[in-house]
Structures are given as C-alpha cells and as structure tokens.
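Asks: sequence and predicted structure below; questions after.
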2 protein chains.
Amino acid sequence: MHDSLRRFKADIFQALAHPTRIAILELLSPGELSAGALIEKLDMEQANVSQHLAVLRAKQLVSNRKVGNQVFYSIRDPILIDVLNLMRAYFHAHLKESLSMLDEMEKPLETVR
Amino acid sequence: MHDSLRRFKADIFQALAHPTRIAILELLSPGELSAGALIEKLDMEQANVSQHLAVLRAKQLVSNRKVGNQVFYSIRDPILIDVLNLMRAYFHAHLKESLSMLDEMEKPLETVR
DNA sequence: CAAGTATATTCGACTATTGTAATATTCATC
DNA sequence: GATGAATATTACAATAGTCGAATATACTTG
C-alpha cells in the first residue's frame, strides 16, 4: 500500500489521540455546538480548546460555520462517530485488562524501582 | 464521561498514530507473522520495527507468542481491523480533499512563503 | 559452551505536541 | 467609530515521540 495513505490515516489517528479532542468529538456527536458551549462543557481554558479545535479543523474532522459572533462546530463525517463507538466496544471488551493498564499509567514513577 | 476512559481511548489512537504501526497492523490483519517477517516486508531497521512493536504491545493491541528463536505477532482483537477498515472507508469518502491535503503535507516549507 | 540468529532494550540527538499567557481578529451594538 | 463579547493565533517552556547506533538477551546448533 502507498505510504502516503498510511501517513494520511496516521494523521487522523493522531488528531484523535488526545483526551480533550475525543471529548470534543463526543460532545459534538449528537449535533453541532458553538465553541463557547464546548468551552463551557469542557470547563477548560478558551485558548486551549480553540487550539484543539484548530487541530480537528486542520485534519478536516470537523466543519464550522460562523453565525454572527459565534462559530458552530460539527462532526464532518458520521464515520468518525462509528469509529468512536467501535472504540467504546473495544474498551468494554477489554475492561478488565484496561483497568490494570490505567492503574499502571497512574503511577508509573513509583513502580519503576 | 470519566476522563480516564478518554485517556485510555486517546492512548489507543496514539498507538495507531504512526504510519509504520498502521502498516504493521495491516500486515498482521490476515494472520500472525514473525517479527522477522514484518521487518522484511516493511524493509526497515530491525530496531525501529521492534520499537514500534513494543508500542503496540504496551497498548495491548497485539499479542505475541514465542516459538524457539522467533516471536510471532498477531492482532489482539479483530475490532481493530474493523477500525482500520472504517478508516479506509473514510479515506475513500474523502479522497478528493484528502489528496489536496496530502499535497500540502508534501511541500509545507515551500508554500509558506 | 562457543558461535550464530532472532529479537529487544538503551542511549542520545532531533522533532513534534502540549499548555499557559499574551495578543489579535471579527462581529455586534451603542 | 469606540466598546465588549466570541473566537483565533502566536510565543515560549515543558514534555513526549521518533530514529539510528550500539548493546543486550534468548534461543539453537554444532
């Protein structure tokens, strides 16, 4: 397979590879929301959310329309929602091991020694 | 939703967010292969492939069994193959825009000025 | 047990991603 | 056109991911 295709896919996964961006997409999956609404629901810094939105925009995962002062974001292709749902299924299938994985991730420094 | 769940998902996407690792998973999707076979098919440095395999192992996306001298890798859960197939569908749906995106990615330095 | 083969790990340099703070832009209203 | 609200961008420090080179480990066979 062409390597640029793989780079393309990797790039999209990269865009998904952040908890905040996953949260944004999950918040958007029922329908569009303004940037302000996202910031409020996420309870995070305005600049930070805006940067994550910029990443999602750059990779074309969301589209946005401007209405007066506000910018409304929505998921560009419902396939992404399917992907997130599959990941949810994956998580449930591996719940047990996942939990111990999360444990290790919580306290990586102590367990080294 | 719990934030650690999102961190978990993000972590898995992170593991998928590299062309080489996608290539590995695509090579493994028909069935298991030895590390050596992967190295040969990828035509890459042994150490590099081994490092990417370590990432996939750490995130539990692959499992491995040792047979004598060799280590055979396989995809841990077929859901991952579904995810990759969905991404393929996504790619085809967005082929046109994707191509121009790839173009920009190819020559980012020249187009700045 | 010496030598060879298959795989993994460690190290250091390099590049990319992230968050915060500060600043800029855009639009609406007075 | 000045002011305020909503959003975006820039700059910088900190952290994380990547690669190649060298080294380590584990197993096999003579």
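Replies: That came through, no problem.

Asks: pLDDT at the most centrally placed residue in chain A, what is it?
Replies: Taking CA atoms, centre = their mean, the centroid of chain A lies closest to residue A:22, which sits 2.2 Å from it. As predicted, residue A:22 sits at a pLDDT of 97.

Asks: with residue A:100 instead?
Replies: pLDDT for residue A:100: 58.

Asks: same question for residue A:30.
Replies: For residue A:30, the pLDDT comes out at 95.

Asks: likewise for the one 3 residues further on?
Replies: Here, the pLDDT recorded for residue A:33 equals 97.

Asks: ramachandran angles for it?
Replies: Main-chain dihedrals, residue A:33, degrees, to the nearest 10: phi -140, psi 150.

Asks: now do the one 5 residues further on
Replies: When read as degrees, to the nearest 10, the backbone of residue A:38 gives phi -60, psi -50.

Asks: could you measure from it over to residue B:45?
Replies: According to CB to CB, to the nearest Å, residue A:38 and residue B:45 sit 42 Å apart. Quick note: C-beta positions are derived from backbone N, CA and C, even for glycine.

Asks: neighbour-wise, which of those two wins?
Replies: residue A:38 (23 against 10; other CB atoms under 10 Å in any protein chain shown).

Asks: wait, the more buried one sits on residue A:71?
Replies: No. Using CB atoms under 8 Å as the test, residue A:38 is too far from residue A:71 to be in contact (9.9 Å).

Asks: quick one: secondary structure of residue A:72?
Replies: Three-state assignment for residue A:72 (DSSP: H, G, I helix; E, B strand; the rest coil): strand.

Asks: and for it, the neighbour number?
Replies: Using other CB under 10 Å, the number of residues around residue A:72 comes to 18.

Asks: how about the closest residue to it other than its chain neighbours, what does it touch?
Replies: In space, and not counting its chain neighbours, residue A:72 is closest to residue A:32: 4.7 Å by CB to CB, 6 or more residues apart in numbering or on different chains. Shown in contact with residue A:32 (CB atoms under 8 Å, 6 or more residues apart in numbering or on different chains): A:65, A:72-74.

Asks: all strands of chain A, in order?
Replies: For chain A, strands defined by DSSP state E occupy the ranges A:33-34, A:62-67, A:70-75.

Asks: and the first one, what does it pack against?
Replies: Based on contacts counted as 3 or more CB pairs under 8 Å, 6 or more residues apart in numbering or on different chains; DSSP states H and E, the elements that strand A:33-34 packs against are strand A:70-75.
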